[in-house]
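Visitor: coords please:
(one chain, ligands or ions: 1)
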Amino acid sequence: TRTPVNVTVTGAAGQIGYALLFRIASGHLLGADVPVKLRLLEIAPALKAAEGTAMELDDCAFPLLRGIDITDDPNVAFDGANVALLVGARPRAKGMERGDLLAANGGIFTPQGKAINGHAADDIKVLVVGNPANTNALIARSAAPDVPDDRFTAMTRLDHNRAISQLAQKAGVGVEDVKKVTIWGNHSATQYPDIFHAEVAGRNAAEVVNDEKWLAEEFIPTVAKRGAAIIEARGASSAASAANAALDHMHTWVNGTAEGDWTSMGIVSDGSYGVPAGLISSFPVTTKDGSFEIVQGLEINDFSRARIDASVKELEEERDAVRALGLI
Ligand code: NAX
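Guide: Sure thing, here's the model as predicted:
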């Protein structure tokens, strides 16, 4: 029998946590043959709610679930962690300045990064979901100097999946016929969903669509502002779709991208495509045997260049702000 994989989930009592944990325990994170042990990290006031969720997990009698620990101590939560999903974050309160938001998140992601540095397993893989995801990942990354760059990622898979769905609807095909969509930049309204290299049923997506007005005025804003549209419609932010994207991100990272396709991940830039090295920015990546590589050699047209640059500029501003706060 396989040794269980230790999976740490922060913000476990939140709405994404509730949509995520049952699917992890039923094998949708790593595979239907991989047993898991869950470590739930919450703040003290939410521990009781996390215990309630753990009771429900017990009640599912999932064969793959080999244990659940609940704690408010990051050093305990990340001890021996192989996979970490950092979902809990400080939301922007009304009237909060960006500096206050970043400082509050520094208070969460610095100790978590340190705990990962000190206690996680050697093969640790980290996905930051909590917003501002890219910059929170940068904070955690810089608090963990002994962990390699390529273990810290930020989630743009929900944006990627949203782009696939919108493009499939426009082209009148199934989502399985859409390949090689890319999200560039920040997980924010400045993100750039790129279809110039995408394929629809084997043909170039931009040529199939052949509608630059739709691209600029409908597709890009629809994908970039989808989170706000969900809040408007549902009265609460994306939860099940965000949890699904977190599972997709980690499953793809561990198990590999399909031949002839790629995915989007926020990763530490190596300077590719003019994105300053060290920023955590979204790129097209292929994955294999638990590691990833940026897809190289894509031609970037002027339309794309301007949009990638704008989102990267926002990431640089966020980086400069957390640097000024002494968080990185
Ligand atoms: P909730 O407010 O429902 O849950 C957050 C949970 O995190 C709470 O239970 C809270 O007690 C916990 N928490 C706070 N500080 C913590 C700490 N220091 N350690 C451990 N737990 C802590 O939010 P939810 O809807 O679940 O969303 C979670 C995060 O995901 C938010 O930051 C949200 O903005 C972000 N999202 C990111 C997305 C992405 O694509 N990257 C999409 C969905 C989502 O908006």
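Visitor: Now do the same contact list for the residue of the chain found nearest the ligand.
Guide: Using CB to the nearest ligand atom, G14 is the residue of the chain that sits closest to the ligand, at 1.9 Å. Where C-beta positions appear, they are placed from N, C-alpha and C, glycine not excepted. Residues near G14 by CB atoms under 8 Å, 6 or more residues apart in numbering: A46, V87, G88.
Visitor: what about 10 Å?
Guide: By CB atoms under 10 Å, 6 or more residues apart in numbering, the residues touching G14 are L20, E42, A46, A49, A50, V87, G88, A89, P91, G130, A239.
Visitor: Same check on L158?
Guide: 129, 133, 183, 187, 223, 226-227, 238, 241-246, 248-249, 264.
Visitor: Of these, which belong to strands?
Guide: I183, S264 (DSSP state E).
Visitor: which of the contacts of L158 are close to the ligand?
Guide: V129, A133, H187, G227, S238, A242 (CB under 6 Å from any ligand atom).
Visitor: Quick check: the first one touching A246?
Guide: Right, V129. Yes. Contact criterion CB atoms under 10 Å: V129 and A246 qualify, at 5.5 Å.
Visitor: Out of the ones next to the ligand among the contacts of L158, who's the most crowded?
Guide: H187 (30 neighbours; other CB atoms under 10 Å).
Visitor: List phi and psi for that residue.
Guide: phi -80, psi 80 (degrees, to the nearest 10).
Visitor: Distance check, it against A205.
Guide: Distance, H187 to A205, by CB to CB, to the nearest Å: 22 Å.
Visitor: just I24 next, same as before
Guide: 32 Å.
Visitor: returning to that earlier point: as a markdown table, the ones next to the ligand among the contacts of L158 with pLDDT would be great.
Guide: Converted to a markdown table, the ones next to the ligand among the contacts of L158 look like this (pLDDT from 0 to 100):
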| residue | pLDDT |
| --- | --- |
| V129 | 98 |
| A133 | 97 |
| H187 | 97 |
| G227 | 94 |
| S238 | 95 |
| A242 | 98 |
